[in-house]
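Q: Structure here, sequence nowhere to be found:
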């Protein structure tokens, strides 16, 4: 299990906080009401709006429907909900990128195919005679909730203390389409996975639930960890042209989820409008150095108002190092923006958060790893097997 990119681990003494693996005690006080991830985000913005209007000046604890949840924990829930384990916009294509023919297709598509071929060559994937069957990766993260901007049309108020938490993660991947992620930040563990058919996630405050719509890969995997998965994701991309990212001139590729796919992901009052992914490939090195996706959702409130939520995540990707003949990105930074605005109202809220991540170790072809490791939790399987009404 040796790796050419394995680095010497730095050990330091630190106090370990208790790991919260069961239900959140604060959430238990709120009753047995089942919350969705959208309700958590909406409630967070409602609290921020209350602070900006002067209804609550206590930075330690906020009132949440009769219960008291520390503001720092609310920030952490938002961070983990947005940046913890997001998925890519579209499922992987069945046909490998190497088999795609560029005859009789638009110039934007054929240009994108050529750029992806250069990316595969730059990362060393074209030299590989045999693809790795599985992968194991460990890393560290630091998540920071930076600031919230609340506008009422005339006045704009900015809130935020740049509260942050550090953590670590373990990621397992196995072909085809199976992966498992365990992320621990601030004493809370988020677990997500896929058995190749169903994608699921567990958080202490929401419990376990399956992702709706087509099976999609984990975004962390396409952030330079698996170049072939990234290439497959951009198999049907279009080249939009060129753009400068920092000091590098890049080709910009775009891929978007089709209408049928986003409709499958709609749930209750939340309707997904679009989900688009942009990849920025350096013209000089051929490597992916920036990844951005934009996700727009329309939510119908109980008061019959229409609210839009746009989540944008931009990730700088770098520190490529050789791991068994393949260049793997070992460091990056993601900046996410959650923008809330109404259809008629002039009011809007914008929250900015960021994550710095580093890969400590990557190992391919781990012996003994089997499909049993990726079996979903029992309640997910029970829900799938239960007859629908």
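A: In hand now; what should we look at? The structure presented is a predicted model; accordingly, all values stated were derived computationally and were not measured. Residues are numbered from 1 along each chain as shown.
Q: Buried ones in the host helix or strand of residue 249, by neighbour count?
A: For residue 249, the element it lies in under DSSP states H and E is strand 248-256. Residues of strand 248-256 classed as buried by neighbour count (16 or more other CB atoms under 10 Å): 248, 250, 251, 252, 253, 254, 255, 256. For glycine as for every other residue, the C-beta is placed from the backbone atoms N, C-alpha and C.
Q: Identify, from those residues, the entry nearest to residue 369.
A: Closest approach to residue 369 among the buried residues of strand 248-256 (CB to CB): residue 255, at 29.6 Å.
Q: Break down the stretch 51-200 of the chain into its helices, ranges please.
A: Assigned by DSSP state H, counting those that start in this stretch, the stretch 51-200 of the chain shows helices spanning 71-79, 107-122.
Q: Contacts for the last one next, please.
A: The reference is to helix 107-122. 97-98, 100, 102, 126, 227-228, 230-231, 234-240, 251, 253, 281, 285-288, 327 (CB atoms under 8 Å, 6 or more residues apart in numbering).
Q: residues contacting the residue nearest to the spatial centre of the chain?
A: For the chain, the residue nearest the mean C-alpha position is residue 86 (2.3 Å; CA atoms, centre = their mean). Neighbour list for residue 86: 218, 219, 293, 313 [criterion: CB under 8 Å, 6+ apart].
Q: can you tell me which residues contact residue 280?
A: So residue 280 contacts 243, 245, 250, 251, 252, 253, 288, 289, 290, 291, 292 (CB under 8 Å, 6+ apart).
Q: wait, which of the residues you listed is closest to residue 140?
A: Among the contacts of residue 280, and counting by CB to CB, the member closest to residue 140 is residue 291, at 19.5 Å.
Q: Let me know the next secondary structure element after the helix or strand harbouring that closest one.
A: Assigned by DSSP H and E, residue 291 falls within strand 288-300. Using DSSP H and E, the helix or strand that follows strand 288-300 towards the C-terminus is strand 306-323.
Q: packing partners for that following strand?
A: Packing contacts for strand 306-323, counted by 3 or more CB pairs under 8 Å, 6 or more residues apart in numbering; DSSP states H and E, involve strand 288-300, strand 326-342.
Q: And that strand, what's buried?
A: Across strand 306-323, burial judged by 16+ other CB under 10 Å covers 307, 309-317, 320-321, 323.
Q: could the residues you listed go into JSON lines alongside distance to residue 351 and pLDDT?
A: JSON lines is the format used below for the buried residues of strand 306-323 (distance: CB to CB, whole Å; pLDDT from 0 to 100):
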{"residue": "307", "distance to residue 351": "14", "pLDDT": "89"}
{"residue": "309", "distance to residue 351": "11", "pLDDT": "91"}
{"residue": "310", "distance to residue 351": "11", "pLDDT": "94"}
{"residue": "311", "distance to residue 351": "10", "pLDDT": "94"}
{"residue": "312", "distance to residue 351": "11", "pLDDT": "96"}
{"residue": "313", "distance to residue 351": "13", "pLDDT": "97"}
{"residue": "314", "distance to residue 351": "15", "pLDDT": "97"}
{"residue": "315", "distance to residue 351": "17", "pLDDT": "97"}
{"residue": "316", "distance to residue 351": "20", "pLDDT": "98"}
{"residue": "317", "distance to residue 351": "23", "pLDDT": "98"}
{"residue": "320", "distance to residue 351": "31", "pLDDT": "97"}
{"residue": "321", "distance to residue 351": "33", "pLDDT": "96"}
{"residue": "323", "distance to residue 351": "35", "pLDDT": "95"}
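Q: is it possible to export those residues to TSV including distance to residue 267?
A: Below are those laid out as TSV (distance: CB to CB, whole Å):
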residue	distance to residue 267
307	15
309	13
310	17
311	15
312	21
313	20
314	26
315	26
316	31
317	31
320	38
321	40
323	38
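Q: Tell me the one among those residues nearest to residue 274.
A: residue 310 (9.5 Å).
Q: just checking, that closest one touches residue 295?
A: Yes: Residue 310 is within contact range of residue 295, at 7.0 Å (criterion: CB atoms under 8 Å).
Q: Right, I'll call it a day here.
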